[in-house]
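A.B. asks: predicted model and sequence follow; I will ask about them next.
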Amino acid sequence: MSLKRLTNLALYTTLSLAVYAIESAFPMLIPIPGIKAGLANIITMILLRENSLRDASLVLTSRILLSALLFGQGMSLMYSIVGGYSSLLILFCVNRLLKGRFLFLTGAIGGLTHNLGQLAVAFLLTSVPAVLAYLPYLVLSGILAGCFTGLAAGYCRRFLSRIDENHS
């Protein structure tokens, strides 16, 4: 791995972790477990669009491990890994299918997949069917939050490309 690539991935990891920390500092808007904006996924979407699945995976793994260590509990690690990686794989496939366009739609599908992955973990760990009562709320919130993160990723990508053009 080149020094430039390592530095870029470290910067993306830091940015992703900072966004996660800021989002975690605010109280939940809706008092239902698992519902949040998932703003750190903006970085994942940018990496998938501009870099590679491998780079996005490295940054996602770093963010999940560091955020669990710094802000979370041991149990949240399992939810984050399953939600994050199921979302990452779907984001990658949809992004390729749509050729990098319609990031809001890509984000919506990724957000939905993230929440479904976390719900599956909750069901498997608890074996309590009542956990599935959260399904409609998690579907709706995943789609809405994913649309927002997709739109934000598109805006950030355009902004970052303008910065690159000005510094070239």
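C.D. replies: Everything's here; your move.
A.B. asks: CA atoms for contacts and neighbours, from now on please.
C.D. replies: Will do.
A.B. asks: the residue nearest the centre of the chain and residue 133: what is the separation?
C.D. replies: The structure's the chain has its C-alpha centroid closest to residue 41; by Cα atoms, centre = their mean the separation is 2.7 Å. Using Cα to Cα, to the nearest Å, residue 41 is found at 25 Å from residue 133.
A.B. asks: now the residue nearest to the centre of the chain: closest residue in space that isn't a chain neighbour?
C.D. replies: Closest residue to residue 41 in three dimensions, ignoring its sequence neighbours and counting by Cα to Cα, 6 or more residues apart in numbering: residue 149, at 6.7 Å.
A.B. asks: who's in contact with that neighbour?
C.D. replies: For residue 149, the contacting residues are 37, 38, 39, 41, 42, 104, 107, by Cα atoms under 8 Å, 6 or more residues apart in numbering.
A.B. asks: do residue 88 as well
C.D. replies: For residue 88, the residues meeting the contact criterion (Cα under 8 Å, 6+ apart) are 44, 56, 57, 110.
A.B. asks: against residue 2, how distant is it?
C.D. replies: From residue 88 across to residue 2, the span is 24 Å (Cα to Cα).
A.B. asks: likewise residue 42?
C.D. replies: Following Cα to Cα, the distance that separates residue 42 from residue 2 is 24 Å.
A.B. asks: those two - which one has more neighbours?
C.D. replies: When residue 42 is set against residue 2 and neighbours are counted by other Cα atoms under 10 Å, the residue ahead is residue 42, at 24 against 7.
A.B. asks: list the buried residues of the helix or strand hosting that one.
C.D. replies: When elements are defined using DSSP states H and E, residue 42 is found to belong to helix 41-50. Buried residues in helix 41-50, counting neighbours by 16 or more other Cα atoms under 10 Å, are found at 41, 42, 43, 44, 45, 46, 47, 48, 49.
A.B. asks: which residue, other than its chain neighbours, is closest to the fifth one?
C.D. replies: Which is residue 45. For residue 45, the spatially nearest residue (Cα to Cα, 6+ apart) is residue 153, at 6.3 Å.
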